[in-house]
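Asks: here's a sequence, model it:
(4 chains)
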Number of protein chains: 4
Amino acid sequence: MQEYRILIDSHDEKGLVYKVSSVLFKYDLNILTNNEFVDKVNNKFFMRSVVQGDFDPDVLLAELVEALPKDAVIDVIAPRKKNIVLMATKELHALGDILIRYESGELDANILGVISNYDSLEPLVSKFNIPFIHVSHEGLDRADHESKIIEALSEYKEIDYIVLAKYMRILTPRFVETYKSKIINIHHSFLPAFIGANPYKQAYDRGVKIIGATSHFVNDNLDEGPIIAQEVIHVDHAYGWRDMQRSGRDVEKVVLSRALKLALEDRIFVYANKTVIF
Amino acid sequence: MQEYRILIDSHDEKGLVYKVSSVLFKYDLNILTNNEFVDKVNNKFFMRSVVQGDFDPDVLLAELVEALPKDAVIDVIAPRKKNIVLMATKELHALGDILIRYESGELDANILGVISNYDSLEPLVSKFNIPFIHVSHEGLDRADHESKIIEALSEYKEIDYIVLAKYMRILTPRFVETYKSKIINIHHSFLPAFIGANPYKQAYDRGVKIIGATSHFVNDNLDEGPIIAQEVIHVDHAYGWRDMQRSGRDVEKVVLSRALKLALEDRIFVYANKTVIF
Amino acid sequence: MQEYRILIDSHDEKGLVYKVSSVLFKYDLNILTNNEFVDKVNNKFFMRSVVQGDFDPDVLLAELVEALPKDAVIDVIAPRKKNIVLMATKELHALGDILIRYESGELDANILGVISNYDSLEPLVSKFNIPFIHVSHEGLDRADHESKIIEALSEYKEIDYIVLAKYMRILTPRFVETYKSKIINIHHSFLPAFIGANPYKQAYDRGVKIIGATSHFVNDNLDEGPIIAQEVIHVDHAYGWRDMQRSGRDVEKVVLSRALKLALEDRIFVYANKTVIF
Amino acid sequence: MQEYRILIDSHDEKGLVYKVSSVLFKYDLNILTNNEFVDKVNNKFFMRSVVQGDFDPDVLLAELVEALPKDAVIDVIAPRKKNIVLMATKELHALGDILIRYESGELDANILGVISNYDSLEPLVSKFNIPFIHVSHEGLDRADHESKIIEALSEYKEIDYIVLAKYMRILTPRFVETYKSKIINIHHSFLPAFIGANPYKQAYDRGVKIIGATSHFVNDNLDEGPIIAQEVIHVDHAYGWRDMQRSGRDVEKVVLSRALKLALEDRIFVYANKTVIF
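Replies: The predicted structure follows:
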């Protein structure tokens, strides 16, 4: 029996669960997990079911489309390895964490390649037999550099997610638009605190007692996209900002990998610049 | 429109969500929240729905009973203030935390009384106009002391929960049986570490770097009942066991109050000596 | 033997520990705890020693002043109950937490009184036999209202700390100046995120996955004073902003009480808008 | 100017800080950090100072030995890359985390080699140009297998630490004795909860709401050595034991690497089966 993930994003109205479960019951499906969330403020309904059965997913989808509101976004997805491209700059902790998971077989993804504006990560990436594409930004303005990156990305037919594993350059709206809702970033602060450059320095200057990291989808406004996952650690007065940075890296990498896992398992819905996570 | 909580605890089989939602749809109910959990290992199904509508709950219940498996345990509950009795010994932090919540109106419960084997908490309890019943254990064996407590408790017609807010005496199986699944305890360790007496001293002796507290239902085996909530804090070598105790109290009171809130909102299912919490 | 706390705040230079310990050795003191911190960036030295011995603290102080740099700030403090005034508005969780600690004897302070701009907390405060001063802000501009509060405060000869236990009005620079480094606030967010009004609403709108609370000394700029303590809890998409508020209260009260305890034990040094905490 | 770490482990008596700081002052040393801890219960004194200066460390050591109690254990250590050997079985998350840190230059150590009782980690280890030694346990009794490992280890002249990065076999007292206080293990539970085999399965069966990991020095009794670091994460009823295992790995690797870092920086003192960590 095949396993499928059914995703439903709809406005809320009475009877949605009934209508969905009627279809699932008709097809004699085995429900493994079932999550729903109703946002009464925004009148939204979200549902994720993992089901097992012997059926044609296209037929099931058609029947769900028939049963549910016209504006509902419905997916019936067979789990498969998703295609991801990693982007990084110089730091290797977040990238390395993903590579080790990849090596272990835990990452449900194909890493198509790693793009960096420096070449210093090439030795690491090459160890894992993953293409490394060096797209230097030197001597180029932002638009030209990004064009080259987009060109490199266009080599890949199907990209499910672009993971910014400490890619330290700002993306233009054009780039973000091209890969809408597909770019996952890790920001090295507990957003919305310390937006922008060197958040550990900012945190140090402010004298905070906790630092954190935030993984989010990238939208047009820097560090303001929908948040997927956050984590923090305690610090004290004895931490200089480089100590914060060093300790913070352990949080960054774990949070980014956690967010990526949620994305790969189709557990994230985005709306109103927020995420619903099942 | 009245709000109701629908609770279903059943063996798992196909179509349960469909059957429940059919009934809810028929009665034109508005679903506020909907949680389900399927335990494939134990073949169990749990569901909690909060619904609004204009209907006779007894009729709804009858229809759900009709629709669902014979062994399903089903409840349709109108939210109401539950009746609780607190038991304590000498420490007042956990008891005080509940009293303050009571005073604030945040606690969805009537406190029928506070029973203690010492009289030292009487001044605090009296401030809140709550009956204080002193049942000294001095000169009594465990059975006799407990008989007196059961006698005191029997004054109250309906007790939903007995909350052991740092009641430091062991309850007999007879007592536990009498108030089966109704006794909520706070144990001052991260169970199952440090079962038994003076867990902070045990934690200090073992040199742990984290201490915690556990709220659980009481069953026949000391500190082995189903866990409802746990929380921890970091400590270091500079903490003596009394420092651990002092810091731990903040965890204890918050964890106990959190567990109590879950119980008052009918969010806890118990099975296989564990809890499912929605 | 009396116990004393020795506090030293100085610019850093070689030999400071030697000079201090020479004096302590000369007086044959028993050192219970000893903490030092050197901030190389700002060239600062901080030290807190708890000592036992049989000596005249004024003589010891004089000798330390003699031994250490001219600009060093030195204190030799006999532990005593500090005098505090609480200020609150309507919420009672943070105030209640302090009152319960007071009742338990755990709070090393005398509560001189509670000042509020509403009278709704009077019943709670009165239970604990603490003076409640209602200073309504209605019909008054900020300056006039604050004058009345300052008048009420001036009744007390010696105030060590003013604790804002969810006092929801902004203090003027005049007030802050009058009680410089003596006002401890709890802000219901993880500062510097969500400065200003209704941080839980802001957090909800931003879709964060963690919320927090921050206790800090109050300076002229709202929510920008030196941070003493911070704590967080995880939330998810199912939390409305009122759920965040409810859950957040448990963090607020614990963080405020923790900060107050640090202050009462003379564990906090302030410099560069930050705290050093031993 | 060279940097040195001065470590002192002594019984406690008056004047120790004075005596140490006299020596440091005499040599005109610059103190970067200074940590002391007095354990009044066990009458113990610990101190770690990081100093800079222009001096002969042997002379300084001799002078400290002269000044301090006869039973004091004193070290004056020039920071250097320590020599470590990793041992693992099949899981690669903890090992991989250390290798990535090694590659980043963040790990202040030389990895002499990786020993495993399986060969499945060889491809990963080889990527990093680190010797991989496969010592199969198949067909051997415990003593014989361990003899082969000790033989492999004896190839290395100087081993500072042996890091058990999920090495899933029990070490004999002989082995532990040979590398006394040099073996750092990661146990995949919040010790002392769930000692022994498959702690995640134990945690699942017990229905805990928090799981954790513990790094500790290995002594003769399985999972009972001095604890260096612990961390936890929250879980709920929806976690099967394999979900706990998967999530727990992120804790395990971070805790082990944190403990290793503390060891490499000479920040750990061991006594009474506990650690003092500066």
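Asks: helices of the stretch 1-150 of chain A, start to end?
Replies: A:16-26, A:57-67, A:93-104, A:122-127, A:142-153 (DSSP state H, counting those that start in this stretch).
Asks: the last one packs against which elements?
Replies: Packing partners of helix A:142-153 (3 or more C-beta pairs under 8 Å, 6 or more residues apart in numbering or on different chains; DSSP states H and E): strand A:109-116, helix A:173-178. Glycine gets a C-beta too; all of them are placed from N, C-alpha and C.
Asks: and the stretch 151-278 of chain A, which of its residues are near chain B?
Replies: By the rule C-beta under 8 Å from any C-beta of the partner chain, the part of the stretch 151-278 of chain A lying against chain B is A:H234.
Asks: closest approach to chain B from the stretch 151-278 of chain A, which residue is it?
Replies: A:H234 (7.2 Å; C-beta to the nearest C-beta).
Asks: count the neighbours of the residue nearest to A:V41 when sequence neighbours are not counted for me.
Replies: Closest residue in space to A:V41, ignoring its immediate chain neighbours: C:G240 at 7.0 Å, by C-beta to C-beta, 6 or more residues apart in numbering or on different chains. Here the number of neighbours of C:G240 (other C-beta atoms under 10 Å in any protein chain shown) works out to 16.
Asks: so what's the residue lying closest to the residue of the stretch 151-278 of chain A closest to chain B once chain neighbours are set aside up against?
Replies: Of all residues not flanking A:H234 in the chain, A:I210 sits nearest, at 5.6 Å (C-beta to C-beta, 6+ apart). A:I210 sits next to A:190, A:232-235, C:190, C:212, C:230-232 when contact means C-beta atoms under 8 Å, 6 or more residues apart in numbering or on different chains.
Asks: can you flag the buried ones in those?
Replies: A:190, A:232, A:235, C:190, C:212, C:230-232 (16 or more other C-beta atoms under 10 Å in any protein chain shown).
Asks: can those go into JSON lines with extra columns for pLDDT, distance to A:S154 and secondary structure?
Replies: Below are these laid out as JSON lines (pLDDT from 0 to 100; distance: C-beta to C-beta, whole Å; DSSP: H, G, I helix; E, B strand; the rest coil):
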{"residue": "A:F190", "pLDDT": "92", "distance to A:S154": "35", "secondary structure": "coil"}
{"residue": "A:V232", "pLDDT": "97", "distance to A:S154": "38", "secondary structure": "strand"}
{"residue": "A:V235", "pLDDT": "98", "distance to A:S154": "42", "secondary structure": "coil"}
{"residue": "C:F190", "pLDDT": "92", "distance to A:S154": "41", "secondary structure": "coil"}
{"residue": "C:G212", "pLDDT": "97", "distance to A:S154": "42", "secondary structure": "strand"}
{"residue": "C:Q230", "pLDDT": "98", "distance to A:S154": "45", "secondary structure": "strand"}
{"residue": "C:E231", "pLDDT": "97", "distance to A:S154": "47", "secondary structure": "strand"}
{"residue": "C:V232", "pLDDT": "97", "distance to A:S154": "41", "secondary structure": "strand"}
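Asks: which single one of those residues is nearest to C:I159?
Replies: Nearest to C:I159 among these, counting by C-beta to C-beta, is C:Q230 at 25.4 Å.
Asks: show me chain A divided up by domain.
Replies: Annotated domains of chain A cover A:2-77, A:82-277 [automatic domain parsing].
Asks: doesn't A:I77 make contact with A:D266?
Replies: Yes - counting by C-beta atoms under 8 Å, A:I77 is a contact partner of A:D266 at 5.8 Å.
Asks: joint contacts of these two?
Replies: A:5, A:7.
Asks: who's more crowded, those two?
Replies: Neighbour totals were compared for A:D266 and A:I77, and A:D266 leads with 17 against 14 (other C-beta under 10 Å).
Asks: and the closest residue to the more buried one other than its chain neighbours, what does it touch?
Replies: Take A:D266 and drop its neighbours on the chain: the residue closest to it by C-beta to C-beta, 6+ apart is A:R5, 5.0 Å away. Applying C-beta under 8 Å, 6+ apart to A:R5 gives the contacts A:48-50, A:75-79, A:265-266.
Asks: give me the buried entries from the residues you listed.
Replies: A:48-50, A:76, A:266.
Asks: residues near A:E155, how many?
Replies: 12.
Asks: confidence score at it?
Replies: Listed pLDDT for A:E155 reads 93.
Asks: tell me which entries of the buried ones among the contacts of A:R5 lie within strands.
Replies: Per DSSP state E, strands hold the following members of these: A:48-50, A:76.
Asks: would you list those residues in CSV and tack on pLDDT?
Replies: Below are these laid out as CSV (pLDDT from 0 to 100):
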residue, pLDDT
A:R48, 98
A:S49, 97
A:V50, 97
A:V76, 97
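Asks: of all those, which comes closest to D:P226?
Replies: Looking across those and measuring by C-beta to C-beta, the closest to D:P226 is A:V50, at 43.9 Å.
Asks: go ahead and confirm the closest one touches A:L29.
Replies: No - counting by C-beta under 8 Å, A:V50 stays clear of A:L29, with 10.0 Å between them.
Asks: mind checking the SS state of the residue nearest the centre of chain A?
Replies: Central residue of chain A (C-alpha atoms, centre = their mean): A:I184, 4.0 Å from the mean position. Classification of A:I184 by DSSP: H, G, I helix; E, B strand; the rest coil places it in strand.
Asks: per-residue pLDDT, it?
Replies: At A:I184, pLDDT is 98.
Asks: which bits of the stretch 151-278 of chain A sit near chain C?
Replies: Counting by C-beta under 8 Å from any C-beta, the residues of the stretch 151-278 of chain A near chain C are A:190-194, A:206-210, A:212, A:226-232, A:236-238, A:240, A:272-277.
Asks: ramachandran angles for A:A272?
Replies: Torsion angles at A:A272 (phi, psi; degrees, to the nearest 10) stand at phi 50, psi 40.
Asks: okay, it: pLDDT?
Replies: For A:A272, pLDDT reads 95.
Asks: can you give me the distance of the residue nearest to it when sequence neighbours are not counted to A:E36?
Replies: Excluding the flanking residues, the one nearest A:A272 by C-beta to C-beta, 6+ apart is A:N42, at 6.0 Å. Taking C-beta to C-beta, to the nearest Å as the measure, A:N42 falls 15 Å from A:E36.
Asks: could you do A:H234 as well?
Replies: Taken as C-beta to C-beta, the span from A:H234 to A:E36 is 35 Å.
Asks: one step back: out of the contacts of A:I210, who's nearest chain D?
Replies: A:I233 (9.5 Å).
Asks: can you verify my assumption that the closest one contacts A:G212?
Replies: Yes - using C-beta under 8 Å, A:I233 is in contact with A:G212, at 7.2 Å.
Asks: what is in contact with those two at once?
Replies: Looking at what touches both A:I233 and A:G212 (by C-beta under 8 Å, 6+ apart), the common residues are A:248, A:251.
Asks: hey, what's the closest residue to A:F278 other than its chain neighbours bridged with?
Replies: Leaving aside its sequence neighbours, A:F278 sits nearest to A:N35 (C-beta to C-beta, 6+ apart; 3.8 Å). Counting by DSSP bridges, A:N35 forms beta bridges with A:R48, B:N35.
Asks: let me see the confidence value for A:N35.
Replies: Confidence score, pLDDT, at A:N35: 96.
Asks: so who does it touch?
Replies: Counting by C-beta under 8 Å, 6+ apart, the residues that A:N35 touches are A:47-49, A:278, B:36.
Asks: what comes up buried for stretch A:162-179?
Replies: A:162-167, A:171-172, A:175-176, A:178-179.
Asks: close to chain D: what parts of the stretch 101-250 of chain A are there?
Replies: Counting by C-beta under 8 Å from any C-beta, the stretch 101-250 of chain A sits next to chain D at A:101, A:103-104, A:106, A:124, A:127-128, A:238, A:246, A:250.
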